[in-house]
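Could you look at this predicted model? Sequence included:
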Amino acid sequence: MPLLAIGIPWDPNIVTIGGIVLTWHGLFTAVGILAGVQLALFIGRRIGFDEDDAYSISLVAVPGGVLGARMLYVVEHWTFFRERPLEILALNEGGISVWGAVIGGVLSGLLFAMWRRYDVRLGLDSAAFGLLVGLAIGRLGDLINGEHLATATTLPWGVVYTDRDSPAFAHSLAVGPHHPATTYEMLGMLLLLGFMFVLLERLRAWPGLLFFVFLDVYSVLRFLVSFLRVDSAGAAFGLDVPQMIAVVVVIASIPAMLWLWRHPRPLQPAPASSPSAARIRVVAPARPTRGRRGGDL
């Protein structure tokens, strides 16, 4: 038995209003989205990404990420949702896939940015920071709700869910203290976030590369943590769906990283009148401006 079994006593549901259930998972997901957008805007200003462009992209990427997160979760748990199709719409009660959020948010934002001819490389770097902090905060909701089940542990920090309404209550009775796997993932993402701040200036000449650092390191992290999870559908080669996605993402990112490394952008000092005059900034390529501002929000 672990030296310390950490009891999680909270009801996963905060309040029910008019038949709508507000859960801790839903609350931290919303807080994570708001914090992620703000951090992405902050990073964008720091590296010279147009703030209006960043706001416009967020209006597309956020709903794209939410939709992707729910769709992949439903696909992974189709045997459940096939008999309960209306449950697919119960987003407020939890049940989302992190990989679905990343893929849906990035793909929708990327396509929109390409269509509007924004600076895609700077946009990706800004988005990487926002995604990381948003996903990390969202994992706090997973810890409280107990939605993701993990293997038993004898380590000092095993968790046991004691509220009967928790999805992990029966699992805790069956296996005893188990790994807080999603919390490991959260801590790993926070370490990665700090590492990316260190790299922010060092990779200034290679905009876009920092995004793939986030994507690949997170893929490795998720691949390893998934060995402790017992709630994901199997895919192939003894791996589950998130692990297979992680492998595909790493392999697919290699050509993009090589291209970005071979195509740095010239650097020049910031204007003397700027508060950041001592810094070096990337010179973004010129882009067409005809009719651009008409649709920005």
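Cool, got the structure.

Got the confidence number for S97?
pLDDT recorded at S97 is 83.

Go ahead and confirm it touches L67.
No. Using Cβ atoms under 8 Å, S97 makes no contact with L67, being 11.2 Å away. All C-beta atoms are positioned from the backbone trio N, CA, C, and that covers glycine.

Which one's more surrounded, those two?
Legend: neighbour count by other Cβ atoms under 10 Å for S97 and L67, higher for S97 (23 against 16).

dump the residue contacts of that one.
Applying Cβ atoms under 8 Å, 6 or more residues apart in numbering to S97 gives the contacts 68-70, 72-73, 76, 242.

What count of nearby residues applies to A128?
Neighbours of A128 under the rule other Cβ under 10 Å: 24.

Now do the SS call for it.
Secondary structure, DSSP: H, G, I helix; E, B strand; the rest coil: A128 is helix.

what's the pLDDT at the closest residue in space to it that isn't next to it in sequence?
Computed as Cβ to Cβ, 6 or more residues apart in numbering, the closest residue to A128 that is not its neighbour in sequence is F214, at 3.9 Å. We have a pLDDT of 97 for F214.

cool, and V160?
94.

Show me what it bridges to in the sheet.
Counting by DSSP bridges, V160 forms beta bridges with G7.

how near is it to G146?
10 Å (Cβ to Cβ, to the nearest Å).

okay, those two: which has more neighbours?
Neighbours were counted for V160 and for G146 using other Cβ under 10 Å; G146 has more, 28 against 20.

quick one, phi psi at L22?
Backbone dihedrals for L22, given as degrees, to the nearest 10, come out at phi -100, psi 120.

How about it: what's its closest non-neighbour residue?
Nearest residue to L22, sequence neighbours excluded (Cβ to Cβ, 6+ apart): I14, at 4.8 Å.

now swap in P242 and tell me
In space, and not counting its chain neighbours, P242 is closest to S226: 5.1 Å by Cβ to Cβ, 6+ apart.

The one you found: neighbouring residues, count only.
S226: 22 surrounding residues under other Cβ under 10 Å.

can you tell me which residues contact it?
Residues in contact with S226 (Cβ under 8 Å, 6+ apart) are 181, 232, 239-240, 242-243, 246.

residues shared between the contacts of V160 and G146?
Joint contacts of V160 and G146 (Cβ under 8 Å, 6+ apart) are 8, 172.

Now the helix or strand harbouring S172: buried residues?
Per DSSP states H and E: S172 is located in helix 169-175. By 16 or more other Cβ atoms under 10 Å, the buried positions in helix 169-175 come out as 169, 171-172, 175.

Kindly report the same for stretch 116-127.
By neighbour count on 16+ other Cβ under 10 Å, the buried set for stretch 116-127 is 116, 118-127.

Which single one of these is nearest to P207?
R121 (3.9 Å; Cβ to Cβ).

now P167, what's its secondary structure?
Recorded secondary structure, P167: coil (three-state DSSP).

What's the local residue count around it?
18.

quick one: it from F212, how far?
As defined by Cβ to Cβ, P167 lies at a distance of 34 Å from F212.

What's the local residue count around E201?
11.

State the distance from it to P207.
For E201, the distance to P207 (Cβ to Cβ) stands at 12 Å.

which ones among the contacts of S226 are found in helices?
Of the positions in these, 181, 242-243, 246 sit in helices, assigned by DSSP state H.

Specify which member of the buried residues of helix 169-175 is nearest to T153.
Among the buried residues of helix 169-175, and counting by Cβ to Cβ, the member closest to T153 is V175, at 9.1 Å.

Surely that closest one is in contact with A152?
Yes. The criterion here is Cβ under 8 Å, and V175 meets it with A152 at 4.2 Å.

one step back: how many other residues sit next to the residue nearest to A128?
A count of nearby residues for F214, using other Cβ under 10 Å, gives 23.

got it, and L221?
L221: 18 surrounding residues under other Cβ under 10 Å.
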